[in-house]
Every structure is written in C-alpha cells, then in structure tokens.
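> sequence first, then the predicted structure:
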Amino acid sequence: MALKVNFAVVIYMAVLISICTGVTVNIDNLDDVIEGSETRMICNYSPTTGSTIIIRWSNVTGGASESIATTVVGVSKGVLAAYSAIFSLDPNDDRVLVIANTLRSYSGDYQCNVAIIGGTSGNDDVTLNVIYIDDPVLSFTTPVNEGDLVALSCDVVSNPNAQFTFKMNGSMLQDGGLSTYTFTANRNDQGSYTCEVDNNAGTKATAGQVLNVYFAPEITALEDMEVSRGETVLISFDVEARPAANYDWSSQGATDIDSDPETFRFVASNNIGDVYTVTLNASNEVAARQSSVQVTVVARTTTLITTNAFTTQPDSCGSLSIVNDGKKVDGNMNVEVGDEVSLRCQCGDSDEGFEYEWTLDGDRMSESTLIFTAEKNGHEVVCIGTAGAPEPSSVSINVLVTDKEPNTGDEGGIGTGAIAGIVVGILVMLIILGVVIIIVLKSRDDGPSKSADSAYMDVTWDTKDPNRVNQGKKTAPPSNGTKEAAKQDAYHPYDAPDDRAYSRPSYGSEDYNDRPDDDDYANSMPVTV
C-alpha cells in the first residue's frame, strides 16, 4: 500500500513539475528481431541532470497503455510482477529495457515516458517486430495413376512470408515460388519429394516423401510359332506394370504343367496341324491387358529354338550313342594315362538335328565335342539329350585308364640311351668337320708351306714357251757355282746365252745347276700371265 501511495505521489509531482521544464525523449530504432534472441530498447532523454528523473516503460499496443517497469534514476528501479518473467532493467544503464528471450507474441508498440521533477515530461514510441519461421509441412496424394494431376502443397507459419522450393530426388522443380506445385504424373515422376522454405529468420525443409505413380500392364506381343510333335513348349511374355501384374493364363487344348505364374508350359500333341492359342491376362490396380500367341504343330526336325518368349524341342531323331573316332563306344572305352579323349554324341546316325549336353565325372559341359585328358582313376561320361532325343534321353560310358608301359627297347624301338648316343656322335662329327674346314681355310690364306730341305720353292719362266713355267725345281746359283756368290747375287740378269730368266736360288741342297736343262722343261706347266 505504501508503494502505491509513493508511486502516486511521484506521478502527481511529475505532473506538477512538467509545466515548468521541457523534456526530449527518443528511443533507438529496433531492427527485426529473430525469435529466441535478445531485445534491448534504449530510451534517450535530455536534460539528464538536475532534479530527480523518473523513467516509465509501457506497452501501448493497440492504443492501450499498460505499465511494465519504472526507474527513479539513481534511486530505485523495478519491473511490475506481471512482466518480471519477460522484461528486466539493465543494472548498469537506467535507460535500457531488456527482453532476454524474445517471442513472436511480444511483437507490438512500446513507449518510454520521462518526467523530471521541477520540469516537464516527454515520451517516444518504438515498434518491436519479431520474425520467425516454423517447420514446413508437405502434403500430396499418393499413389496416383499415370496421367493424373498431382498437386504438391507446402504449408508453413512464418513472419515475414516464406519462399517455397520443391525438389524431386534432390533436383530442383520450382525455386522460390508459391506454396503449391502441380504437374501431370507419368511413371518417371515416381520418387522422393521435399519442400524447402526460407525468409529472413532462416531456412527449413521437410523430410522426403515418396510419390508412387501406377500404370497399367504393358505386354510385349509374341510372334506365332511352329513346334514339332511332342515338343515341350515354354511361353513367357515380357510384362511391365506398376504395381506388379497378376498373371492369368488360358489356352484351348493345352494345360499349364509348371508352377511359375509368369510362364505357361505344355507338351504339344503328336498330331500335325494341331493349333493352340495361349492367352495371358495381366492385371493390376490400374487396369487389365491381354495378349495371345498361336502355336501350330508341324512335321520338322530343327535345332533348339530359344527366344525371350518360348523354347521348343524338335522331333526325336533316334537312339543316342557316344562316338570316338567315328566308332560307337559300347559300355567301356580303354585308354592310357595322358591320352587325349575326343567324344561326340549321336542321335541315330547323325550328330545334327538335336541338342545335347555332357557330364564328365558329374560336371556339366556345354561343348558339342567333349575333349579331355585321361587321368589315372578313369572317368564317367554321360551324354544327355536336351531336345529331340528319345526316352531314355541319355547314354553313358566308362573310360578305363591304365598306366603307360615303359619302353625297354626289346621290341625293335630305339631306347632313350641310344638316341642320346646318336645325338652326341653327330655333335662330335660336326665339331671335327668344323675344325678341318678352319684348317683348310687357314692354309689357303697363308700360302703353300715350305719343307725343311727346301726353304723356298721357286719357279722359272720358260723363255722358249712364255706360257709355261718350271715348277717344283730347285734352281741353281749363278755361274760361278758357289753358295757365297749366290747369296750375294740372288737374282741373275737376263743375259744367259739361251735368254732364260733365272729365279731366286733355293738353298739347302748341294746339287746346284746354274743352267736350265731338259728336265726343267719337262717339269714346266702352262700358266696364264
């Protein structure tokens, strides 16, 4: 009660004093305040000295005036109890009113009134604008059928108004547009959609939401086909649908014998000309579609026919047999370790016109000709007819493998040691022949050899017959008949009475003949100069 009386007295005194002195008041402008942040309102006034100054804050939103806090400068300050959880006064600055956690509901107009005892009073207003943005909410209808209109709607509470961005699987559809986005659905529009909103308060986005786009079954048509008598026929259509289609098969005269709902298998009759019409009815939540194929039984022998739609098997060709080197193998086949075994499968007398596969020791093989190397423990070979073979449609043999006997050489063959000896002998002969050739070539390069008793083997020209030369004859020294003179005059001038030309004398013999004689002519041989 005392507080109210004192407060009333202060106001009364301020009113009285206001007629004496003028007061100027100005509140600093406020920027937009993001929700959750702090707000500080500052009340500036003058004069700031003199008599006692009283500052009062009020909420004047909508024309009302509701007191919030009062400060007697230098004396006391306080916030009314109703606002104490929201507002506070700065303990170090009497001019400042503080909101620690600003909420969107605090937006409005606020007034600061300043009164000076012994003077007048003044006031100023300020507007608090709190901005914010909430989490957006994306909504649309799903699933939809292909061709339907899709409307994406994004809702958000915000201040100021938000901008909207729609994305599909992370790719931009609309940027900064309105809160709705519409399009005509096709199957490729199925995916995850998000909405992103933003304003000055920030940016937020929704979690991804899946749009399912359904469409009716689409069946790829098949060409009509011909099959052989007794064949097993497998029919399979390519079907695309969303959601997945349900299969319903029907046929005139044929019965589906497999358990796969997406295929139809039956055995054709043995009657040439029989016709089967097989129909697939594929349906889902959108619609149902049908497609048919016609199968006709004909007389023919063909290889296996395979398409994405069906597989047929040709007529039987006879009994199966396994053939090696053109001869049929009956039961067992004998080979040695390491031998290469080559086998073919025949139906009747031919390996054409039907399909088959092999198993070798239980392993499946796809080769037309089975080729393998024989191993010690033997092998089990089976040929399995897969198309056109009669019942039973397989034949098997045992390949018996024995060790190779070592070659002892007793049977007329050449042993390993003999072969090695022959090779070594040939190599030695080649080496000897090479040495001889080298010696002969060396002798040609060096010229004729000189014997011990004839240091030089000279020749003399036959002056009577210029085309002949004395050969292999030891010539005599000069006419003085001495060895010393011969050493001093190795060559005689061409002044002999018979005008013969002497050669360089040879040494090493006591029989000197300084003149050519008849036997010199006898030993001569024709030469070409």
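Nice, I can see it. Numbers count the residues shown, from 1 in each chain.

> correct me, but residue 290 touches residue 278?
No - taking CB atoms under 8 Å as the definition, residue 290 is not a contact partner of residue 278, at 11.4 Å. Every residue, glycine included, has its C-beta placed from N, CA and C.

> more crowded one of the two?
When residue 290 and residue 278 are compared on other CB atoms under 10 Å, the one with more neighbours turns out to be residue 278, at 23 against 13.

> quick check: longest helix of the chain.
Criterion DSSP state H: the longest helix present in the chain is helix 416-446.

> gap between stretch 156-173 and the chain center?
What separates the centre of stretch 156-173 from the centre of its chain is 37 Å, taken as CA atoms, centre = their mean, to the nearest Å.

> how long is that stretch from one end to the other?
Across stretch 156-173, the terminal residues are separated by 19 Å (CA to CA, to the nearest Å).

> what do you get for stretch 72-88?
Start and end residues of stretch 72-88 are separated by 15 Å (CA to CA).

> give me the contact list for that stretch.
Stretch 72-88 is contacted from outside by 10, 52-55, 57, 67-71, 89, 94, 97-100, 106, using CB atoms under 8 Å, 6 or more residues apart in numbering.

> buried set for that stretch?
Neighbour counts over stretch 72-88 (16 or more other CB atoms under 10 Å) mark 72, 73, 77, 79, 83, 86, 87, 88 as buried.

> which among the residues you listed gets closest to residue 319?
Ranked by distance to residue 319 (CB to CB), the buried residues of stretch 72-88 are led by residue 86 at 103.8 Å.

> phi and psi next, for that closest one.
Torsion angles at residue 86 (phi, psi; degrees, to the nearest 10) stand at phi -110, psi -50.

> mind checking how far it is from residue 219?
71 Å (CB to CB, to the nearest Å).

> then residue 61?
Using CB to CB, we find residue 61 at a distance of 70 Å from residue 219.

> same thing with residue 98?
Applying CB to CB to residue 98 and residue 219 gives a distance of 74 Å.

> I figured residue 320 hits residue 344, correct?
No - using CB under 8 Å, residue 320 is not in contact with residue 344; the gap is 11.3 Å.

> neighbouring strands for the helix or strand containing residue 294, and are they parallel or not?
With the criterion set as DSSP states H and E, the secondary-structure element containing residue 294 is strand 288-298. Its sheet considered, strand 288-298 pairs with strand 225-228 (parallel), strand 275-283 (antiparallel) by DSSP bridges.

> now those strands as CSV including mean pLDDT and distance to residue 151?
What follows is the strands paired with strand 288-298, written out as CSV (pLDDT from 0 to 100; distance: least, CB to CB, whole Å):
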stretch, mean pLDDT, distance to residue 151
strand 225-228, 93, 48
strand 275-283, 96, 28
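
> quick one, which of those strands is nearest to residue 35?
Across the strands paired with strand 288-298, closest to residue 35 is strand 275-283 (CB to CB), at 54.6 Å.

> what comes up buried for the closest one?
The neighbour-count check on strand 275-283 (16+ other CB under 10 Å) flags 276, 278, 280, 281, 282, 283 as buried.

> state the distance from the first one to residue 250.
So that's residue 276. 11 Å.

> poorly predicted segments of the stretch 251-400 of the chain, please.
Confidence mapping of the stretch 251-400 of the chain against pLDDT under 70 gives the ranges 300-318, 351-354, 386-393.

> quick one on the thing from earlier: could you dump the buried residues of stretch 72-88 into TSV with secondary structure, pLDDT and distance to residue 36 added?
Supplementary listing: the buried residues of stretch 72-88 in TSV, determined by DSSP: H, G, I helix; E, B strand; the rest coil; pLDDT from 0 to 100; distance: CB to CB, whole Å:
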residue	secondary structure	pLDDT	distance to residue 36
72	strand	92	33
73	coil	89	32
77	strand	91	26
79	strand	94	21
83	helix	92	19
86	coil	94	14
87	strand	95	16
88	strand	95	17
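
> can you redo those as a markdown table with distance to residue 133?
Formatted as a markdown table, these follow (distance: CB to CB, whole Å):
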| residue | distance to residue 133 |
| --- | --- |
| 72 | 41 |
| 73 | 40 |
| 77 | 36 |
| 79 | 30 |
| 83 | 27 |
| 86 | 22 |
| 87 | 25 |
| 88 | 27 |
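
> show me the two of the residues you listed that sit farthest apart.
Using CB to CB, the buried residues of stretch 72-88 span at most 22.8 Å, a distance reached by 73 and 86.

> how about residue 254, secondary structure?
Going by DSSP: H, G, I helix; E, B strand; the rest coil, the secondary structure assigned to residue 254 is coil.

> how many residues are close by the residue nearest to it when sequence neighbours are not counted?
For residue 254, the nearest residue in space outside its immediate sequence neighbours is residue 266; the separation is 4.0 Å by CB to CB, 6 or more residues apart in numbering. For residue 266, the number of neighbouring residues by other CB under 10 Å comes to 21.

> quick thing: my sequence starts at 35, can you match it?
In the new numbering, first residue 35, that becomes residue 300.

> report the buried residues of the host helix or strand of residue 300.
Under the criterion of DSSP H and E, residue 300 resides in strand 298-301. Counting neighbours by 16+ other CB under 10 Å, one finds that the buried residues in strand 298-301 are 298, 299, 300.

> tell me the contacts of residue 165?
Residue 165 makes contact with 66, 67, 68, 69, 193, 194, 233, 234, 235 under the criterion CB under 8 Å, 6+ apart.

> pLDDT at the last one, what is it?
Same thing as residue 235. As predicted, residue 235 sits at a pLDDT of 95.

> tell me how many other residues surround the residue lying closest to residue 218 once chain neighbours are set aside.
Sequence neighbours aside, residue 183 is the residue nearest to residue 218 in space, at 6.0 Å (criterion: CB to CB, 6+ apart). Residues contacting residue 183 under the criterion other CB under 10 Å number 10.

> residue 227 reaches residue 205, doesn't it?
No - checked against CB under 8 Å, the pair residue 227 and residue 205 is beyond contact range at 10.5 Å.

> the more surrounded of these two?
The neighbour count for residue 227 versus residue 205, taken as other CB under 10 Å, is higher for residue 227 (22 against 7).

> which residues does the helix or strand hosting the more buried one contact?
Here residue 227 sits within strand 225-233, counting by DSSP H and E. Strand 225-233 is contacted by residues 165, 167, 170, 172, 174, 186, 188, 190, 192-203, 237-245 when judged by CB under 8 Å, 6+ apart.
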